[in-house]
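Asker: Next input, structure requested:
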Amino acid sequence: VTTPTASASNTGPYCAGAGIQLSAGAGTAYSWTGPGGYTSNLQNPTIAGSTTAMSGTYDVTITIGNCFATASTSVTVNALPLPNPTNTGAYCAGDAILLNVGAYNTYTWSGPGGYTSSQQNPTISNSAVSNSGAYTVIVSDANGCINSAVTNVVVNPLPVVSVNNPVICENGNTTLSANGGATYAWSGPGGFTSASQNASVLNASLSNAGQYTVVVTSAAGCVSTGFSNLTVNPLPTPVAMINSPICINNILNLSATGGVNYQWTGPNGFFASVSNPTIQANSTNYTGTYNVVVTDANGCTAATSANATVNPLPVPSIVSGPNTGCAPICVQYTVNAAAGIANAAWNLGNGSSANGINFAETCYEIPGIYTITAVVTDQNGCS
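Answerer: Now for the predicted structure:
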């Protein structure tokens, strides 16, 4: 009778999940027992999917004929490490991604775009949206056991800001507009601020011109900055002139400068769209205020005015002494000064002339009919 060899062994220690391989010396029959009620009749049984509860002593009875022997082997099943990787996101494009995991022996990170790292807590600088995704870390502990876990990284895009660049005239109103975000913060010349997407600039002065900054924040909290340039053009400085006063039946010459387009309005429904219009003033109804709206090359407008006076002609009458009789006869002539007449130029019909409202007698030696003419001028210079 051969006495069986009393030997038992295993290939451990093991990491949880690995197969336990038990081995016994040669015999004709085998009886294994172990933790958790384990039994087997194989010489070299395998226990798949090990757990830490399977750690302990495994006994085997080896039989040859009527003889038997026993042996034991101690099995160790170590728990797997349980990494819990995290990151500090969500991030905005351009932020640094910070990956974290607890302390182990080794680390193997992998992620989007072929990313790899062997650091415990690696950093990815200047992130892009393409860095979003699942980052896996494989760790090993002091027992050589390996496990992996995943953390998901979110990198949100920065808002894409679009703005307008208004051009207005002095004293005008405009709106600074921006798009691309959820909230807006405007700042600009003269301490200007606004939290509106479309910020109003009212009654703009030249000092309101310049660059305006808008900070745009997306719904995800990411921030971009835009710049809007506001141009405020000065108003034209128009000058209007009229050759006034004039006498009736003369021409009113209107003149305006300071722009490229002109719109005149005035008495009697007067309208003109040239800089220097003329009016044949055939009545005193052309007296009054003439307004002109001047537009410059930037489309800015300003108005001014000038006054015109059209004076009537004087209405004279001649007062004379006796104008009938036998030659020689002497007559004294006078113009009616009550008509506002300031002077008179006389043609006395006999080849002589004189000036003045009245003068001494004029004598006619030759019999005949004489036409006496007085050209009179009033206090306004009208004659």
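Asker: Now do the contacts for the most centrally placed residue in the chain.
Answerer: In the chain, the centroid-proximal residue (Cα atoms, centre = their mean) is residue 163; its distance is 3.1 Å. The neighbours of residue 163, taking Cβ atoms under 8 Å, 6 or more residues apart in numbering as the test, are 176, 177, 178, 179, 214, 226, 227, 228. C-beta here means a position set from N, CA and C on the backbone, and glycine is covered the same way.
Asker: Save those as TSV, and put in distance to residue 74 too.
Answerer: What follows is those, written out as TSV (distance: Cβ to Cβ, whole Å):
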residue	distance to residue 74
176	80
177	78
178	73
179	72
214	72
226	71
227	75
228	78
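Asker: Looking at the protein, which strand is longest?
Answerer: strand 223-233 (DSSP state E).
Asker: what residue ranges in the stretch 201-350 of the chain score low on pLDDT?
Answerer: Applying pLDDT under 70 to the stretch 201-350 of the chain picks out residues 322-323, 337-339.
Asker: hmm, 90 instead?
Answerer: 313-350 (pLDDT under 90).
Asker: With adjacent residues omitted, what lies nearest to residue 131?
Answerer: Computed as Cβ to Cβ, 6 or more residues apart in numbering, the closest residue to residue 131 that is not its neighbour in sequence is residue 155, at 5.0 Å.
Asker: how many neighbours does the one you found have?
Answerer: 23 (other Cβ atoms under 10 Å).
Asker: Tell me the spacing between it and residue 126.
Answerer: Look at residue 155 and residue 126: by Cβ to Cβ, to the nearest Å, they are 11 Å apart.
Asker: ok, residue 190 touching residue 209?
Answerer: No - judged on Cβ atoms under 8 Å, residue 190 makes no contact with residue 209 at a distance of 10.1 Å.
Asker: still on that earlier bit, the longest strand of the chain: how far from the chain's middle?
Answerer: 5 Å (Cα atoms, centre = their mean, to the nearest Å).
Asker: ditto for stretch 303-322
Answerer: From the chain centre to the centre of stretch 303-322 is a distance of 63 Å (Cα atoms, centre = their mean).
Asker: tell me which residues in it are buried?
Answerer: By neighbour count on 16 or more other Cβ atoms under 10 Å, the buried set for stretch 303-322 is 304, 306, 308, 309, 310, 311, 314, 316.
Asker: got a markdown table for the residues you listed, with secondary structure and distance to residue 259 too?
Answerer: As requested, the buried residues of stretch 303-322 are arranged in a markdown table below (DSSP: H, G, I helix; E, B strand; the rest coil; distance: Cβ to Cβ, whole Å):
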| residue | secondary structure | distance to residue 259 |
| --- | --- | --- |
| 304 | strand | 11 |
| 306 | strand | 15 |
| 308 | strand | 21 |
| 309 | coil | 26 |
| 310 | strand | 27 |
| 311 | strand | 31 |
| 314 | coil | 40 |
| 316 | coil | 45 |
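Asker: elements contacting the one helix or strand residue 376 maps to?
Answerer: Using DSSP states H and E, residue 376 sits in strand 373-378. Packing partners of strand 373-378 (3 or more Cβ pairs under 8 Å, 6 or more residues apart in numbering; DSSP states H and E): strand 333-335, strand 341-347.
Asker: now what about that strand, what contacts it?
Answerer: Outside strand 373-378, the residues touching it (Cβ under 8 Å, 6+ apart) are 311, 313-314, 316, 318, 333, 335, 339-347, 349, 383.
Asker: And these, which of them are buried?
Answerer: 311, 314, 316, 333, 335, 340, 341, 343, 344, 346, 383.
Asker: Residue 33: which of these is nearest?
Answerer: Of all these, residue 311 has the smallest distance to residue 33: 140.0 Å, by Cβ to Cβ.
Asker: For that closest one, name its beta-bridge partners.
Answerer: On DSSP bridges, the residues paired with residue 311 through beta bridges are residue 247.
Asker: before we move on, back to that, reformat the helices and strands packed on strand 373-378 as a markdown table; add distance to residue 38.
Answerer: Formatted as a markdown table, those follow (distance: least, Cβ to Cβ, whole Å):
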| stretch | distance to residue 38 |
| --- | --- |
| strand 333-335 | 152 |
| strand 341-347 | 144 |
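Asker: nearest to residue 159, of the ones you listed?
Answerer: Closest of these to residue 159 is strand 341-347, at 81.7 Å (criterion: Cβ to Cβ).
Asker: returning to that earlier point: how about the longest strand of the chain, which residues are buried there?
Answerer: Within strand 223-233, the residues scored as buried using 16+ other Cβ under 10 Å are 223, 224, 226, 228, 230, 232, 233.
Asker: Contact partners for the third one?
Answerer: Contact criterion Cβ under 8 Å, 6+ apart gives 161, 162, 163, 178, 180, 213, 214, 216 as the residues in contact with residue 226.
Asker: How about the fourth one?
Answerer: Contact criterion Cβ under 8 Å, 6+ apart gives 163, 164, 165, 166, 176, 178, 211, 212, 214 as the residues in contact with residue 228.
Asker: Output the one helix or strand residue 71 maps to as PDB, nothing but the C-alphas.
Answerer: Assessed by DSSP H and E, residue 71 sits inside strand 67-75. Output of strand 67-75 as PDB, limited to C-alpha atoms (Å, rounded to 0.1, in the frame of the first residue of the first chain):
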ATOM      1  CA  CYS A  67      -5.000   5.000   3.000                       C
ATOM      2  CA  PHE A  68      -5.500   8.700   3.200                       C
ATOM      3  CA  ALA A  69      -3.700  11.800   4.200                       C
ATOM      4  CA  THR A  70      -4.700  15.400   4.800                       C
ATOM      5  CA  ALA A  71      -3.100  18.800   3.900                       C
ATOM      6  CA  SER A  72      -4.100  22.400   4.000                       C
ATOM      7  CA  THR A  73      -3.400  25.600   2.000                       C
ATOM      8  CA  SER A  74      -4.200  29.200   3.000                       C
ATOM      9  CA  VAL A  75      -5.900  31.300   0.300                       C
END
